[in-house]
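Novice: got a predicted structure plus its sequence, pasted below:
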There are 2 protein chains.
Amino acid sequence: MNRTVFFVSESTGITAETLGHSLLTQFDSVHFEQVYMPYINTELRAKALTQRMQEAADRDGARPIVFATMLNEDIRNILKAGHCFYMELFEVFVGPLAEELGVMPSMQSGRSHAIIKPSFYTKRIEAINFAMANDDGIRPDNFERADVVLTGVSRSGKTPTCLYLAMHYGLRSANYPITEEDFERGDVPQILYDCKHKLFALTIDPQRLQLIREERRPGSTYASLKRCHDDIRIAQQMFKRLQVPVLNTTTQSIEEISSQIVKALKERQEGRPLELTEMGGAAGR
Amino acid sequence: MNRTVFFVSESTGITAETLGHSLLTQFDSVHFEQVYMPYINTELRAKALTQRMQEAADRDGARPIVFATMLNEDIRNILKAGHCFYMELFEVFVGPLAEELGVMPSMQSGRSHAIIKPSFYTKRIEAINFAMANDDGIRPDNFERADVVLTGVSRSGKTPTCLYLAMHYGLRSANYPITEEDFERGDVPQILYDCKHKLFALTIDPQRLQLIREERRPGSTYASLKRCHDDIRIAQQMFKRLQVPVLNTTTQSIEEISSQIVKALKERQEGRPLELTEMGGAAGR
C-alpha cells in the first residue's frame, strides 16, 4: 500500500514534519511517499498544492495525508477543500491552550524556528563553533569551558553527538578520543578525571566499529576486528575506573544519546543521584 | 504571569518539545518555565512527575501545562490524573489516522527519533562527517561530491548552516569562504561556477558582521565596520555575476535558511524555474 504524505507549513515546516514523522512511525506496513512543502504562504501556492494532492490521489488510488500547521484561515480552507485527509496540528491545540492561559494567541506564523530569542539562538551558534573548535581532543585545555565532554574510542560517535548537543541544546560540547598513548598506559589523562562531573563515555559494538573503521581505512590493523575488540574492552575498563556513565551508539541515535545526556546533566545539577543503570540501553523504553 | 510547562515522553521527548514549543510561541505575554521530561516510561516515574506538577502549581498559582506523547495508557492515565492541563499529542491524531489508513497502529514508543531506517541514519552521519571535513573551503576538489555548496564572506553563517543541512536533511554540505585573494581579483574561483547548480550564497548585514568579527578578533581591521561593508558589497557583486540565490542570515535562523535551500534544490531537480525573488527574506511570510 502506497500513500503520499504532504508536510505543509507557512514557514519552515519543521513542526509539521516532526509530529507527522512521529505519527507515521506507528504505521509500519504502509509505504509513505513523503513530500515536504514549506512556505505555502499564498493562496496561489495553496491552490497549486491542491492540484498536486489530486495527482497523488490518482496515482495512489487513495487521497494523500496532509500534516499542516497553518494559521492563515483562508489558506487553510483552500487546503482543506482539496482531495486529502487533512490533519491540522495547530487548530486542535491553540484554542484549548488559549482558553487555559486566558490569553489570545498571536496567530503569527513561522515563529517556532525563527530567531525569537536572540540570546538562545546566539548561544546555539556559539556552541556549534565551540564544538567545531574542540573536536577530537584538539584543545583539552578548553574542557574547563565546556558544558559537556564526551570520550570514547576512535569512531564511536563522539563528533556527531557533540554537534547535536550544541545545535539542539546549545551546549558547549567537546570530545576526547582515547589515544594510542592512553591504551599503552591503560588509563586516560588526568584532565578527564578533572571534568568527571560533565563527562560521558560512548561505546559501540566491536562488529559495528569494524565496519565503520574499515570504510575509513580499508584493510588496516586499525580496522581489524581484533583491534576493535581490544580497544573497546580496554576502554570499558577505563570508563569503569573513571566511574562515568557509558552510552552505546550501536543501537541508539544521536538524538536518543543526547537526550539521555541532557537528562543526566540536569539530574546532577539538581543534586539527584545519577541513575547509572538507566543509561546505555533501549531496554527501558 | 508565570506558567510551568512539562514536555513529557516515554522516549526522547523531541516530538513533544517541538510541537509544544511551536504552540507556546503563540503566547508571547506569558513567561513559560520549561521542564524537559524524557524517558517517563515507568509508573513510578510518572507518579514522581505528578508530585512535581503539584509543586509547580503551588509555586505558580496555576496548574502546569503538559505536552505529552504517551502510548502506554497506564502511564498516560497517571499523568492525566495529576494537577495539570494535559495535552496529549498522539491520542488526538493516532486514532483518526489509523481509521483513514485502515491499519492498526503499532503503539510502540520511541520510534520517531530512534534508528528505524538505518540507511537514512547512516546517510546523516556520513553527511555530518563530510561537512566537518569540507568546512571552510579546505577541499574544493570535493565540491563535486557535495549535494550542496555554500559561499559567503568569513563569519556569514556558512558552517552552522552546513552542519544543520547535514544533520537534519542528510545532505553532504561543503562551504567556500570568499578569500582575500578573491577580493583582490574581484571574482570567485572557477570551481564555484562549476557547481552553480548546487551553490547558495549567504550574506549578512555589515553591522551584525562587525559584532561577530569583533568578538573573534577585537580591534582588528578585519572586524572594522568599513571592512565589513566593503566585504559584503564586493561579495554581493560576485554573487550577482554568479547568478546564485542569496540568503540573509541576519534575521533568519539556520533552520529557515536550510529549509529554503532544500526547497530550492528540490525545485531545481524537478526542473521548475527557481524563484530567486522568494529567497533571502522573511517578507513573504
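Specialist: Now that the structure is in, tell me what you want to look at. Residues are numbered from 1 along each chain as shown, chains lettered A, B, ... in the order given.

Novice: now stretch A:20-39 - C-alpha only, PDB.
Specialist: The C-alpha trace of stretch A:20-39 is given here as PDB (Å, rounded to 0.1, in the frame of the first residue of the first chain):
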ATOM      1  CA  GLY A  20       4.000  13.900  11.200                       C
ATOM      2  CA  HIS A  21       7.000  11.600  11.200                       C
ATOM      3  CA  SER A  22       6.300  10.500  14.800                       C
ATOM      4  CA  LEU A  23       2.800   9.600  13.900                       C
ATOM      5  CA  LEU A  24       3.800   7.800  10.700                       C
ATOM      6  CA  THR A  25       6.200   5.500  12.600                       C
ATOM      7  CA  GLN A  26       3.100   4.000  14.200                       C
ATOM      8  CA  PHE A  27       2.200   2.500  10.800                       C
ATOM      9  CA  ASP A  28       5.000   0.300   9.600                       C
ATOM     10  CA  SER A  29       3.100  -1.600   7.000                       C
ATOM     11  CA  VAL A  30       2.300   1.400   4.800                       C
ATOM     12  CA  HIS A  31       4.800   2.800   2.400                       C
ATOM     13  CA  PHE A  32       4.600   6.600   2.700                       C
ATOM     14  CA  GLU A  33       5.800   8.800  -0.100                       C
ATOM     15  CA  GLN A  34       6.800  11.900   1.800                       C
ATOM     16  CA  VAL A  35       6.700  15.400   0.300                       C
ATOM     17  CA  TYR A  36       8.000  18.400   2.100                       C
ATOM     18  CA  MET A  37       6.100  21.700   1.400                       C
ATOM     19  CA  PRO A  38       7.400  24.700   3.400                       C
ATOM     20  CA  TYR A  39       6.500  28.300   2.700                       C
END
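
Novice: can you confirm whether that stretch lies near chain B?
Specialist: Yes. Using C-beta under 8 Å from any C-beta of the partner chain, stretch A:20-39 reaches chain B at A:21-23, A:25-30, A:36, A:38-39. C-beta here means a position set from N, CA and C on the backbone, and glycine is covered the same way.

Novice: now list the buried members of the residues you listed.
Specialist: A:21-23, A:25-27, A:36, A:38-39 (16 or more other C-beta atoms under 10 Å in any protein chain shown).

Novice: show me the residues of stretch A:20-39 next to chain B that map onto helices.
Specialist: If you go by DSSP state H, those have A:21-23 in helices.

Novice: need the residues you listed in CSV with distance to residue A:259 and pLDDT, can you?
Specialist: CSV is the format used below for those (distance: C-beta to C-beta, whole Å; pLDDT from 0 to 100):
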residue, distance to residue A:259, pLDDT
A:21, 16, 89
A:22, 14, 87
A:23, 19, 90
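
Novice: just these now: which is nearest chain B?
Specialist: residue A:22 (3.8 Å; C-beta to the nearest C-beta).

Novice: which residue is the nearest non-sequential neighbour of the closest one?
Specialist: Counting by C-beta to C-beta, 6 or more residues apart in numbering or on different chains, residue A:22 lies nearest to residue B:112, which is 3.8 Å off, once chain neighbours are set aside.

Novice: same check on residue A:144?
Specialist: That would be residue A:195: by C-beta to C-beta, 6+ apart, it lies 7.3 Å from residue A:144.

Novice: which residues in the stretch 101-250 of chain A form helices?
Specialist: Using DSSP state H, counting those that start in this stretch, the helices of the stretch 101-250 of chain A run over residues A:118-133, A:158-169, A:180-185, A:190-194, A:206-216, A:225-242.

Novice: most tightly packed of the ones you listed?
Specialist: helix A:158-169 (a mean of 25; mean count of other C-beta atoms under 10 Å in any protein chain shown).

Novice: out of the residues of stretch A:20-39 next to chain B, which two sit at the greatest distance?
Specialist: Farthest pair in those (C-beta to C-beta) is A:29 and A:39. Separation: 32.3 Å.

Novice: show me where chain A dips below the pLDDT cut-off.
Specialist: The model of chain A has pLDDT under 70 over residues A:109, A:116, A:272-285.

Novice: give me the domain ranges for it.
Specialist: A:2-101, A:118-278 (automatic domain parsing).

Novice: just put the ones you listed in CSV and tack on distance to residue B:122.
Specialist: Output for these, formatted as CSV (distance: least, C-beta to C-beta, whole Å):
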stretch, distance to residue B:122
domain A:2-101, 18
domain A:118-278, 9
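
Novice: helix, strand or coil for residue A:8?
Specialist: strand (DSSP: H, G, I helix; E, B strand; the rest coil).

Novice: pretty sure it sits against residue A:40.
Specialist: Yes. With contacts defined as C-beta atoms under 8 Å, residue A:8 counts as touching residue A:40 at a distance of 5.4 Å.

Novice: intersection of neighbour lists for the two?
Specialist: The overlap between the contact sets of residue A:8 and residue A:40 (C-beta atoms under 8 Å, 6 or more residues apart in numbering or on different chains) consists of A:49, A:70, A:79.

Novice: phi and psi next, for the first one.
Specialist: Reported as degrees, to the nearest 10, the phi and psi values for residue A:49 are phi -70, psi -40.

Novice: residue A:89 versus that one, what's the distance?
Specialist: Between residue A:49 and residue A:89 the distance, using C-beta to C-beta, to the nearest Å, works out to 17 Å.

Novice: hey, where'd the strands end up in the stretch 51-200 of chain A?
Specialist: Here the stretch 51-200 of chain A has its strands, by DSSP state E, counting those that start in this stretch, at A:65-69, A:85-88, A:148-152, A:173-177, A:199-203.

Novice: how about the last one and chain B, touching?
Specialist: No. Against chain B, strand A:199-203 shows no contacts by C-beta under 8 Å from any C-beta, the least distance being 13.1 Å.

Novice: what lies in contact with that strand?
Specialist: A:148-153, A:156-158, A:161, A:192, A:232, A:235-236, A:239, A:242, A:244-249, A:257, A:261, A:264, A:280.

Novice: same deal with the first one?
Specialist: Outside of strand A:65-69, the residues within contact range by C-beta under 8 Å, 6+ apart are A:3-10, A:13, A:15-17, A:19-20, A:23, A:32, A:53, A:76, A:79, A:82, A:84-90, A:109, B:22, B:97, B:100.

Novice: what lines up beside it in the sheet?
Specialist: strand A:2-9 (parallel), strand A:85-88 (parallel) (DSSP bridges).

Novice: with distance to residue B:116 and mean neighbour count added, can I get the strands of the stretch 51-200 of chain A in TSV?
Specialist: Below are the strands of the stretch 51-200 of chain A laid out as TSV (distance: least, C-beta to C-beta, whole Å; neighbours: other C-beta atoms under 10 Å in any protein chain shown):
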stretch	distance to residue B:116	mean neighbour count
strand A:65-69	18	27
strand A:85-88	21	19
strand A:148-152	24	26
strand A:173-177	25	25
strand A:199-203	21	24
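
Novice: got those as TSV, with distance to residue A:228 columns?
Specialist: TSV is the format used below for the strands of the stretch 51-200 of chain A (distance: least, C-beta to C-beta, whole Å):
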stretch	distance to residue A:228
strand A:65-69	42
strand A:85-88	46
strand A:148-152	13
strand A:173-177	14
strand A:199-203	11
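
Novice: so which of those strands gets nearest residue B:217?
Specialist: It's strand A:173-177; of these, that one is closest to residue B:217 (C-beta to C-beta) at 22.3 Å.
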